[in-house]
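Participant: let me see the structure of the following:
(chains A and B)
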Amino acid sequence: ILNVEQSPQSLHVQEGDSTNFTCSFPSSNFYALHWYRWETAKSPEALFVMTLNGDEKKKGRISATLNTKEGYSYLYIKGSQPEDSATYLCAFSNDYKLSFGAGTTVTVRA
Amino acid sequence: NAGVMQNPRHLVRRRGQEARLRCSPMKGHSHVYWYRQLPEEGLKFMVYLQKENIIDESGMPKERFSAEFPKEGPSILRIQQVVRGDSAAYFCASSPEQGNSPLHFGNGTRLTVT
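Facilitator: As a prediction, this is how the structure comes out:
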């Protein structure tokens, strides 16, 4: 069992504010780190797949960083909007098998 | 371009019955994964299949659960003699290749055992 921890479990953000949250994972046997966005009543949707230490990826107002040596990744949301409300899942891969964290649920208040 | 299709969306079974969950991967995807989400928990890996082969079923309970991905047709997750503890959301995902490809998820099947 691979422990993937996400923190915090939930957070509330005022519209327009920026926020970030973390994913920690085992630093050994690293293959890739995935981020998914999961809106209520929909299916998880891939945001990023990161493989190299120091990787930074960006998609619109959402970005992520990766530190494989210490085993953590940050996801940043800049200028949060109500449509950013979702659960954000990270998943650690040691080849094909993804071990998911429990997610961080973000609620953006207008 | 249809995404990953799962059916049924909701399935109600009485204890002791069989549940069959179907998953059609995205066109061109030959790798299928099944995950289970228990209430208040995250997604837990169950099984990874390629066409006609089970690659890794380490996350599946040893008894009552089986999965297949035949040459033709959808992948099937089968749960025999269901018990209340099997009530969960079951998600299927597919990818075009093993490795760093992101997974494409279906909308899940919510199984309720009464």
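Participant: what's the neighbour count on the residue nearest to A:Arg109 when sequence neighbours are not counted?
Facilitator: Using Cβ to Cβ, 6 or more residues apart in numbering or on different chains and skipping residues adjacent in sequence, the residue nearest A:Arg109 is A:Gln14, 5.6 Å away. For the C-beta atoms, the positions are set from N, CA and C on the backbone; glycine is no exception. Using other Cβ atoms under 10 Å in any protein chain shown, A:Gln14 has 10 other residues around it.
Participant: low-scoring stretches of chain A, by residue?
Facilitator: A:1-2 (pLDDT under 70).
Participant: for it, what lies in contact range of chain B?
Facilitator: Residues of chain A lying close to chain B by Cβ under 8 Å from any Cβ of the partner chain are A:31-32, A:34, A:36, A:42-46, A:49, A:51, A:89, A:91, A:93, A:95-103.
Participant: which of those fall in helices?
Facilitator: Taking DSSP state H, every one of the residues of chain A next to chain B sits outside helices.
Participant: which among those residues count as buried?
Facilitator: A:32, A:34, A:36, A:43-46, A:49, A:89, A:91, A:93, A:96-103 (16 or more other Cβ atoms under 10 Å in any protein chain shown).
Participant: ok, the one residue sitting closest to the centre of chain B to A:His12 distance?
Facilitator: Geometric centre of chain B, nearest residue: B:Trp34, 3.7 Å, by Cα atoms, centre = their mean. Per Cβ to Cβ, to the nearest Å, B:Trp34 is found 33 Å from A:His12.
Participant: show me the strands in chain A, by range?
Facilitator: Secondary structure of chain A (DSSP state E): strands at A:5-7, A:10-14, A:19-24, A:32-38, A:45-50, A:56-59, A:62-67, A:72-77, A:86-93, A:98-100, A:104-109.
Participant: sorry, back to before: tell me the buried residues in whichever strand or helix holds the residue nearest to the centre of chain B?
Facilitator: In this assignment (DSSP states H and E), B:Trp34 forms part of strand B:31-37. Across strand B:31-37, burial judged by 16+ other Cβ under 10 Å covers B:31-37.
Participant: what is it packed up against?
Facilitator: If you count contacts as 3 or more Cβ pairs under 8 Å, 6 or more residues apart in numbering or on different chains; DSSP states H and E, strand B:31-37 packs onto strand B:43-50, strand B:75-79, strand B:88-95.
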